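**Student:** this one's sequence-less:
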């Protein structure tokens, strides 16, 4: 078990590859300062940890939300459907617990922005391909698509070894 505490971010406990929020430690630094005892300096580090170790779309959303210290109700109020109405906290809860299919790319984009996650990574975790890539794939030759997927697989495999 490894514990790392950040001064201006929620502290996180790593248990068997899963990161869990254990405390909020926002006191003790002058305004505008942040940092971790490990020397890592940004919130994106924590979000990278969460997205790198979470196994499902819902867990990625839940983990990043918890690390950022945002409640389900608050996050849900920031995510707007196509009609401009916010999603419900219950819908977000269902997504986080993988009780719903992954949402549309429209909602995934907003979740990525609010949680400082990669939209492309979230789309892949959701089992979809971003619309701009779909358009290009439809027009591409089979050999090009195969080469792209081979390169993607190599990059992901190489990244998982680090």
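**Tutor:** Looks like it came in fine. Worth saying up front: this structure is predicted, and the values here are computed from it rather than measured.
**Student:** Looking at this structure, which helix is longest?
**Tutor:** Counting residues, the longest helix found in the chain (DSSP state H) is helix 142-161.
**Student:** can you list the residues that contact it?
**Tutor:** 137, 140 (Cβ atoms under 8 Å, 6 or more residues apart in numbering). Every C-beta, even on glycine, is put in place using the N, C-alpha and C of the backbone.
**Student:** Kindly recompute the last result at 10 Å.
**Tutor:** The list of residues contacting helix 142-161 from outside it, by Cβ atoms under 10 Å, 6 or more residues apart in numbering, reads 52, 124, 133, 136, 137, 138, 140, 141.
**Student:** Give me the buried entries from those residues.
**Tutor:** Using 16 or more other Cβ atoms under 10 Å as the burial test, those include no buried residue.
**Student:** hmm, back to that, let me see the mean pLDDT of the longest helix of the chain.
**Tutor:** Regarding helix 142-161, the rounded mean pLDDT is 90.
**Student:** what does stretch 84-98 give?
**Tutor:** Averaging pLDDT along stretch 84-98 gives 97.
**Student:** For stretch 110-121, measure first residue to last.
**Tutor:** Across its full length, stretch 110-121 reaches 13 Å between end residues, using Cα to Cα, to the nearest Å.
**Student:** What residues sit buried inside that stretch?
**Tutor:** Residues of stretch 110-121 classed as buried: 110, 111, 112, 114, 115, 116, 117 (neighbour count, 16+ other Cβ under 10 Å).
**Student:** Please identify which two of those residues are farthest apart in space.
**Tutor:** Pairwise distances among those were taken by Cβ to Cβ; the largest, 12.1 Å, belongs to 110 and 116.
**Student:** tally of neighbours for residue 107?
**Tutor:** The local packing of residue 107 (other Cβ atoms under 10 Å) involves 20 other residues.
**Student:** Surely it is in contact with residue 81?
**Tutor:** Yes - taking Cβ atoms under 10 Å as the contact criterion, residue 107 and residue 81 are neighbours in contact, 7.2 Å apart.
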